[in-house]
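K.L.:
Make a model of this:
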Amino acid sequence: ILGGDVEVAMTQREASAPDKGALAQLGTLSETIRMRAMAQPQTEGGSPILVELKGVDNAYPLYGALTLEQGRYASLSPDRVLVGKALVERMGVKSGDGLRFGSASFAVAAIIADEPDRLGEGFTLGPVAIVSMEGLRRTGLIQPGSLYESKYRLRLPAGDDAGAVRKTLEKRFEARSWEYKDRDHAAPGANRFFDRMGQFLALIVL
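P.N.:
Next comes the predicted model:
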């Protein structure tokens, strides 16, 4: 669900290079940035659509696999984009077609069949489109005041306690106002639901 053993998230900013270095010392680090953007078709008569644009680095995904309807996923070049099925259905695009995000043009490389960390991303307003981090910066959409979310996920060495690592990070960076999750608390809402359901079933048994 989470896409890593530990996740550090922040909005409208990115972690500094020293902070990224400190996180990378704990395990394999993967960085993603997600934001809402308008997908502009490069064909006549097409209408722009609001999408969830996601930039990923070369380490993504740390767990699971990003599967495509055709072919296998490999690191994206800065001018390529992967699109979700919903975007294909709404815009009628196919592999090889052009899309524009911000000031940058992309060619559709493939259609996404399954996004491994989709549940961990939470609520989304539109279909997903995935580009490389370099591709995301090409768009010019990351500006002061832009609304985006940066996530830094860690794959810890075997045997490391994800909960303990999360608590250590919370204490070390308590002045940063970051948000933390670990693999055992990837979906707090679901955890609360299961706890309450367990209490309810216990009452029935009594």
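
K.L.:
Number of residues surrounding residue 116?
P.N.:
Other residues within reach of residue 116 by the criterion other Cβ atoms under 10 Å amount to 16. The way it works is simple: take the backbone N, C-alpha and C, and place the C-beta from them, glycine included.

K.L.:
Can you tell me the SS state at it?
P.N.:
coil (DSSP: H, G, I helix; E, B strand; the rest coil).

K.L.:
which ones are touching the closest residue to it other than its chain neighbours?
P.N.:
Distances taken as Cβ to Cβ, 6 or more residues apart in numbering put residue 64 closest to residue 116, at 3.0 Å, once the chain neighbours are dropped. Taking Cβ atoms under 8 Å, 6 or more residues apart in numbering, we find residue 64 in contact with 3, 116, 117.

K.L.:
what comes up buried for stretch 165-185?
P.N.:
165, 166, 169, 173, 178, 181, 182, 183 (16 or more other Cβ atoms under 10 Å).

K.L.:
residue boundaries of the strands in this structure?
P.N.:
Secondary structure of the chain (DSSP state E): strands at 6-11, 28-41, 49-56, 67-68, 80-83, 98-101, 104-114, 128-132, 148-155, 179-182.

K.L.:
hang on, the earlier thing: which ones among the buried residues of stretch 165-185 map onto helices?
P.N.:
Taking DSSP state H, the ones among the buried residues of stretch 165-185 that sit in helices are 165, 166, 169.

K.L.:
Just give me the closest of the residues you listed to residue 10.
P.N.:
The closest of those to residue 10 turns out to be residue 169 (Cβ to Cβ; 12.5 Å).

K.L.:
ok, the closest one touching residue 5?
P.N.:
No. Between residue 169 and residue 5 there is no contact under Cβ atoms under 8 Å: 11.6 Å.
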